[in-house]
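Participant: one predicted model, sequence on top.
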Amino acid sequence: QVQLVESGGGLVQPGGSLRLSCAASGFTFSRYPMRWYRQAPGKERELVADIGGGGGGRTNYADSVKGRFTISRDNAKNTVYLQLNNLKAEDTAVYYCTTTIWPTGYWGQGTQVTVSS
C-alpha cells in the first residue's frame, strides 16, 4: 500500500535551517508529482512547494517561501526533500508530503517544524 513518512522536523531558531524528508513506498515514485503542504494552528492547510514527476522535475513554490525553501527528489531513494532556509516564526507548522494517484490523494502523518528563539 502507499505510504509516505515524513521526518526531519524540529525546533529551530529564526534564521536557521532544516531539511525535511519524505520516504515513499508502495507506488512507482518517479512517475508522480510530489507536494509539500503545511498547516499552522488555526489556519488552513497551505501548499508550500511541488515538484514534477516522470523525469520532468519542474518546481513551484508559494510566494511566502520563494528564495528560502527548495524542493527536490531522489528517485533512486524514493524520497522527496524540502530544504528550509532562513526560517521565520511564521513558518511554524506541521509539514506534510502528499501525492495523488488518481483518484486518491495520499498524505503522510506530518512532521512538526517550530521556529522560535
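Facilitator: That came in fine, so what should we check first? No experiment lies behind these values; they were computed from the predicted model shown.
Participant: contact partners for the residue nearest to Tyr81 when sequence neighbours are not counted?
Facilitator: Counting by CB to CB, 6 or more residues apart in numbering, Tyr81 lies nearest to Ser72, which is 4.9 Å off, once chain neighbours are set aside. Glycine gets a C-beta too; all of them are placed from N, C-alpha and C. Ser72 is in contact with 51, 80-81, 83, counting by CB atoms under 8 Å, 6 or more residues apart in numbering.
Participant: for Trp36, see how far away Ser72 is.
Facilitator: 11 Å (CB to CB, to the nearest Å).
Participant: any shared contact partners between those two?
Facilitator: Val80.
Participant: now stretch 80-100: buried residues?
Facilitator: Neighbour-count burial for stretch 80-100, counted by 16 or more other CB atoms under 10 Å, picks out 80-82, 84, 87, 91-99.
Participant: those residues in strands, which ones?
Facilitator: Using DSSP state E, 80-82, 84, 93-99 are the members of the buried residues of stretch 80-100 that sit in strands.
Participant: about what we covered before: reformat the buried residues of stretch 80-100 as CSV; add pLDDT and distance to Gly15.
Facilitator: Putting the buried residues of stretch 80-100 into CSV (pLDDT from 0 to 100; distance: CB to CB, whole Å) gives the following:
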residue, pLDDT, distance to Gly15
Val80, 98, 25
Tyr81, 98, 20
Leu82, 98, 17
Leu84, 98, 11
Leu87, 98, 7
Asp91, 97, 11
Thr92, 98, 14
Ala93, 98, 17
Val94, 98, 21
Tyr95, 98, 18
Tyr96, 98, 24
Cys97, 98, 24
Thr98, 98, 28
Thr99, 98, 31
